[in-house]
Each structure stands twice: as structure tokens, then as C-alpha cells.
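K.L.:
Predicted model, plus sequence, below.
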There are 2 protein chains.
Amino acid sequence: MKVKVQADILGANDRIARENSQLFAAKGVYVINIMSSPGAGKTTLLEKTIAALKDRYAIGVIEGDVATTADAERIEKAGVPVVQINTGSACHLDGSMIRGALEEFDLDSLDLLIVENVGNLVCPAEFNLGERHKVMLLSVAEGDDKPLKYPLMFRESTALVINKTDLIPYTNFDMDKATKDSLSINPALNIMPVSCRSGEGLDAWYGWLESGLAAR
Amino acid sequence: MKVKVQADILGANDRIARENSQLFAAKGVYVINIMSSPGAGKTTLLEKTIAALKDRYAIGVIEGDVATTADAERIEKAGVPVVQINTGSACHLDGSMIRGALEEFDLDSLDLLIVENVGNLVCPAEFNLGERHKVMLLSVAEGDDKPLKYPLMFRESTALVINKTDLIPYTNFDMDKATKDSLSINPALNIMPVSCRSGEGLDAWYGWLESGLAAR
């Protein structure tokens, strides 16, 4: 990508993201943008989160994928409204894609809108969507060297969920190193180790979400 | 990304990639471009491959990362010449980055040049580097739904190495589904399940590389 082209795209995106953000504030919708590598467990985290919170909050989901509606089908089964965005060749969601998808939701009645970005540890971090918080998910199977190797996403995120802790015994993942390196990039990062498989740690994640929802 | 901009960039890249490819052919260098999500195990596969083949072939490595020289340092310890490309914000390597890095190698004496692309399952698949083969690495921890969700990389690759098979008992990864879906996208794909940890399956991978080297 040439730098100038990239800068123009980012500037135009920021304007649309700001409009989205104003709309969310006016409607009282709390929006998080979940980002990770492919296969870190975003959709599974969403399924767990919806099951835990949907009786108390009206939840909507936007699914971003290069191809297929597989993730949206999983979320639909979880019982909340979902819109699938297929980006084709684009490696991330952007503000205007979100704006287009919003027409499908009744924003007046929505409490929480969760956006699942395209699985990619690089590009999504550069594009604001108008969300309140960027949340990143790292699987222990990816390795503890990821914070230093992909610093932008760690810097842009408010919360880091470290998933698949049940696999730690079978890997060389060092939680202390991952935590230390993440905080060296972003000292304000809220780090929550979880296992979506066993359920361990998920209460901290729900608590983080609920404290944000309460303060919205 | 706007389509027109993208098309111009891809066209310019293809010209440079073609020049790289002609240079590699003239010098008798066999070049593979390894792509995967972050943390699928590209660098570990390289370390194993170098240890297995470096006595019989002159090997060079180009490491692509958004940030850090961590991977190049690992390859240097493995005892072969290595050039690190830090892409900054770019989510993939391109032909001109490779051309710039080639100045650091003695191409006349090189048999095998392995390029480790930026960890990303979307963008690298769109950019030819002048390589003979694109090889993709999928970790079982990423899930068996990845072929259908990220089809371009599976379509563009000649070989698919499925890594971390030692973790299969602790995941719900279905090798039959992953294989079937991959072949539905690319019937010519050469699929090799391996565990870099236990060593299982690596001989098939070395054999695939050596048959390509012999026929170059």
C-alpha cells in the first residue's frame, strides 16, 4: 500500500467512524469490536457471552468474514439478531461497512452490539468502526511472542482476552511473558485469561463487559 | 481498499514478481513463500527444515514481520543467512520488498530460498513475490473451518502443511473435514499433516521440498 493512499482511506474512515460513534451514544448502545488471528476463538467467546448475558441485555452481533456465513449461523442459533458482512478480499471491517449493517438493527432497543472483525492480527487495528472499545483475543496456541510482533493491536485495545488456557500444559506459552510484554506496549490493558472450553476466567470477562454497560 | 487502487498495486507488484521469478530461474534458486496465521508455527517449521536439509543444500531465509527481529534471530541461530524485512504497518510482503532483500544474498551459490511471510491469512495470498510455490501452514488449534472461511490462500497454495497435530486430542479439529474442504477449494493441493513438536509427518514435508529442488 502506498502511504498516501492509505492515509486518505484512514481519514475518510475516521469521519464515518465518528458518525457511527455519535449515533451509538445517542441511542445508548454499547459497542465493542473484537479482533484476533483466525481461530483464536472469537465466535465461541461470543456464543458464551450471549448465553450468559442475553436475559439481562438486548444484544446484537455483526459478523465480519472474508467469506461464508458460518459464524452468523452459529450466532443465530445463540438467539440474538446478527448481520453477516462478507468483505470479499478486504482484510478488515471499516466504518462504512458497519454503518450499512446498522440498518438491520433496532438501535433504540439495543444495549450491546458486538462486532466480530475479520480474523487478522494486523489490518483491523488500523480501522476505527465507531466502537467504544477494541478488544483483542489471543489464543495461547499462537505463542507468547505475539505482543511484541504485532504491537499495534495490543496498543489500540482496551482489553486483552487470552483464550484456550486449557491448552497451556501442551504448549510452551509463558503467561508471565505475554502479560509483561503486553503491558510494556499498553500499560492500561485489561488482561483476562480465559478458557472458553472449560469456562475458567469467563466471569471476569462478563464482569468487565457489565461494568462498561452499567457506565454507558 | 478501493478496488481500482488495489488493482493498480497488484498489477505493479506482478511485474516485479515476474522479474524476481526470472532472476531465480536464471540463478537456479528454488523459492517458496510460506504463509499462515500468526503463531501457526512458520518459524519453527523453518528451524526444523534448515536442520534437516542444510548439509545438502545452501539455504537462505527472508523473514517478514510487522515488527521485531525475533524470527531472524532464531533463523540465524539455525546457521543460515537471513534477512529480516520489517513491514511497519503493511500486512504482507510484496515483490519489491523481496527484490530489495535479494542484494544481501549470493544467489549464485544458493539452492533454496525460503520466504516467511507476515502472519496473516488474508493479505499475503494476493501478492506474488516471484516464488515457485506458495505454501500455507494451518495449525489445528485454529480450527477446521478455516479453508472455507479464508479460501484465497488455500486456492493460491501448492502445499498445505497442517501443523500441531499433537494438539488434536485437546481440540475438536476434524482432519477429514479440513482435508475435504481444502480439496474442494483446490483439488491439486498437497496436504501434509505434521507436528513440529514431535517430528511426526516432517519427512513427507522434507520429501516434498527435495522433489521440487531436484526438478528445478
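P.N.:
Okay, I see it.
K.L.:
Residue A:60 sits in which helix or strand?
P.N.:
According to DSSP states H and E, residue A:60 maps onto strand A:59-65.
K.L.:
in chain A, what spans have low per-residue confidence?
P.N.:
A:1-7 (pLDDT under 70).
K.L.:
What helices and strands are in contact with whichever helix in it runs longest?
P.N.:
Scanning chain A for the longest helix, with DSSP state H as the assignment, gives helix A:3-27. Counting by 3 or more C-beta pairs under 8 Å, 6 or more residues apart in numbering or on different chains; DSSP states H and E, the packing neighbours recorded for helix A:3-27 are helix A:95-102. The way it works is simple: take the backbone N, C-alpha and C, and place the C-beta from them, glycine included.
K.L.:
moving C-terminal of the helix it packs on, what's the next helix or strand?
P.N.:
strand A:112-116.
K.L.:
Which residues of chain A lie near chain B?
P.N.:
By C-beta under 8 Å from any C-beta of the partner chain, the residues of chain A that approach chain B are A:1-2, A:5-6, A:9, A:37-39, A:65-68, A:70-71, A:89-91, A:118-123, A:126, A:139, A:141-143, A:145-146, A:148-152, A:164, A:166-167, A:170-171.
K.L.:
So the residue most central in space within chain A: helix, strand or coil?
P.N.:
The centre of chain A sits closest to residue A:34, judged by C-alpha atoms, centre = their mean, with a distance of 0.4 Å. Counting by DSSP: H, G, I helix; E, B strand; the rest coil, the backbone at residue A:34 sits in strand.
K.L.:
show me the contacts for it.
P.N.:
Going by C-beta atoms under 8 Å, 6 or more residues apart in numbering or on different chains, residue A:34 touches A:42, A:45, A:46, A:114, A:115, A:116, A:117, A:135, A:136, A:137.
K.L.:
Is it correct that residue A:23 is in contact with residue A:110?
P.N.:
No - using C-beta atoms under 8 Å, residue A:23 is not in contact with residue A:110, being 11.3 Å away.
K.L.:
more neighbours, these two?
P.N.:
residue A:110 (21 against 15; other C-beta atoms under 10 Å in any protein chain shown).
K.L.:
hmm, back to that, possible to save the contacts of residue A:34 as TSV with distance to residue B:106?
P.N.:
Output for the contacts of residue A:34, formatted as TSV (distance: C-beta to C-beta, whole Å):
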residue	distance to residue B:106
A:42	45
A:45	49
A:46	51
A:114	53
A:115	49
A:116	47
A:117	43
A:135	47
A:136	41
A:137	43
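K.L.:
Please identify which of those is nearest to residue B:14.
P.N.:
residue A:117 (28.7 Å; C-beta to C-beta).
K.L.:
Can you tell me how far residue A:187 is from residue A:155?
P.N.:
10 Å (C-beta to C-beta, to the nearest Å).
K.L.:
After the strand holding residue A:60, which helix or strand is next?
P.N.:
Sequence-wise, the next helix or strand downstream of strand A:59-65 (DSSP H and E) is helix A:70-77.
K.L.:
in that following helix, what's buried?
P.N.:
A:71, A:72, A:74, A:75 (16 or more other C-beta atoms under 10 Å in any protein chain shown).
K.L.:
how many other residues sit next to the nearest residue to the last one once chain neighbours are set aside?
P.N.:
When the adjacent residues along the chain are set aside, residue A:75 lies closest to residue A:82, with 4.2 Å between them (C-beta to C-beta, 6 or more residues apart in numbering or on different chains). Applying other C-beta under 10 Å, we find 26 residues neighbouring residue A:82.
K.L.:
who touches the helix or strand hosting residue A:137?
P.N.:
Using DSSP H and E, the element containing residue A:137 is strand A:133-139. Strand A:133-139 is contacted by residues A:32-37, A:39-42, A:45, A:125, A:146-147, A:153-154, A:156-164, A:167, A:178, A:212, B:39, B:141 when judged by C-beta under 8 Å, 6+ apart.
K.L.:
Many thanks, I have nothing further to ask.
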